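Novice: generate coordinates for the sequence data below:
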Amino acid sequence: MTENSSVTLQALLQFALPWGTTLVTDSPEKRITWAVMVRAQPPAFPDVSGGELALVSMDLLRTYDTRITLAEVVRGLSEVGVQAVATSAEISQTAITVAREAGVEL
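Specialist: Next comes the predicted model:
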């Protein structure tokens, strides 16, 4: 998608994501081009090209690897250009720190 086809996280929080969704990092103006969702079979995120919001189910990811952490997922997704991660899982301070260091909104 092009810049003209992107939307801010603030707009997603206001109009698209479930009521009560909060941003624990700092950039509601970060632009998102698309949303991708974790898949039930590997690869978990097959078609990531950068600029996406990744919808992450840690329960589903733990069917691949029982020890995986949200911080590891955020780090890995940042390496392929994901701009933001949304999850209903508990968010640790480590995950927040990793997200901030990687420039990924959480």
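Novice: is the residue nearest to the spatial centre of the chain part of a helix or strand, or is it coil?
Specialist: Central residue of the chain (Cα atoms, centre = their mean): V85, 1.3 Å from the mean position. Secondary structure, DSSP: H, G, I helix; E, B strand; the rest coil: V85 is strand.
Novice: shaky segments in the protein?
Specialist: Along the chain, segments meeting pLDDT under 70 span 1-4.
Novice: show me what the residue nearest to the centre of the chain is bridged to.
Specialist: Assessed by DSSP bridges, V85 has beta-bridge partners A54.
Novice: check contacts around the closest residue to V98 other than its chain neighbours.
Specialist: Once flanking residues are discounted, V98 sits nearest to A71: 4.4 Å by Cβ to Cβ, 6 or more residues apart in numbering. To be clear about C-beta, it is placed using only N, CA and C from the backbone, and glycine gets the same treatment. Neighbouring residues of A71 by Cβ atoms under 8 Å, 6 or more residues apart in numbering: S92, T94, A95, T97, V98.
Novice: now with 7 Å?
Specialist: S92, T94, A95, V98 (Cβ atoms under 7 Å, 6 or more residues apart in numbering).
Novice: quick check: buried residues in the one helix or strand it maps to?
Specialist: A71 is located in helix 70-79, with elements delineated by DSSP states H and E. The neighbour-count check on helix 70-79 (16 or more other Cβ atoms under 10 Å) flags L70, A71, V73, V74, R75, L77, S78 as buried.
Novice: among the residues you listed, which one lies nearest to V56?
Specialist: V73 (5.9 Å; Cβ to Cβ).
Novice: which parts of the protein are helices?
Specialist: 9-15, 58-61, 70-79, 93-102 (DSSP state H).
Novice: before we move on, the earlier item: how close does the residue nearest to the centre of the chain sit to M58?
Specialist: 11 Å (Cβ to Cβ, to the nearest Å).
Novice: V80 too?
Specialist: 18 Å.
Novice: and the two? which has more neighbours close in?
Specialist: M58 (16 against 12; other Cβ atoms under 10 Å).
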